[in-house]
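A.B. asks: sharing a model prediction with you, sequence too.
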Amino acid sequence: MQKYEIMMILDPKVEPEIGFNLVESVFGKKNILTSEKLERTDLAYPINKSLKAQYLLFTLNSETNLIAEFSRRCNITKEIWRNLVINLSFENKPKKENKRKRNSRNSEYANKNENSKFSHSKSQKDNITDENKDEKPRVRKPRTKKVEETK
């Protein structure tokens, strides 16, 4: 069983018990950890020609197949305008692989910086090695415009 958080937006004209009853029927009372009715608020944009809505928030433990059934029932019920299900089991855990990669990158970067440091008293000309003295410096050639021939 995994921990989920569900947010629902309901029609402001209906009773919030519709949402509570739907969640209880799908998940059962014992799996619901918290349930809250948030206040009615103005929406940023109209949903079903209404600028107000009711919000319900639930945290619960459930199996994955019950989440699919809940989403299906929410889509059937016209009074429920929107729903969002977040898996808190995966949401709260930091990724360990990224930290390992980040640490290895930082150590590689630090090693490169230590090797490439040079004292400020030397100029760039002094840093040129014997191998690079024989090479010609790279010069960018200017672009030439193509002239189209007219007949």
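C.D. replies: Nice, thanks for sending it over.
A.B. asks: ok but V14 is inside a strand, no?
C.D. replies: No. Assigned with DSSP: H, G, I helix; E, B strand; the rest coil, V14 falls outside any strand and is coil.
A.B. asks: what's it sitting at in phi/psi?
C.D. replies: Phi and psi for V14, reported as degrees, to the nearest 10, are phi -100, psi 170.
A.B. asks: burial measure for it, as a count.
C.D. replies: Here the count is done by other CB atoms under 10 Å, and V14 has 14 residues near it. To be clear about C-beta, it is placed using only N, CA and C from the backbone, and glycine gets the same treatment.
A.B. asks: how far away is it from M8?
C.D. replies: From V14 over to M8 the distance is 12 Å, taken as CB to CB, to the nearest Å.
A.B. asks: can you map out the helices along this protein?
C.D. replies: Counting by DSSP state H, residue ranges of the helices within the chain are 17-27, 64-76, 88-91, 96-116, 130-133.
A.B. asks: any idea how far T59 is from V147?
C.D. replies: In this structure, T59 and V147 are separated by 73 Å, where distance is defined by CB to CB.
A.B. asks: with neighbour numbers in mind, choose between those two.
C.D. replies: Ranked by neighbour count (other CB under 10 Å), T59 and V147 place T59 first, with 15 against 6.
A.B. asks: the more buried one contacts K3, correct?
C.D. replies: Yes. Under the criterion of CB atoms under 8 Å, T59 lies in contact with K3, with a separation of 6.9 Å.
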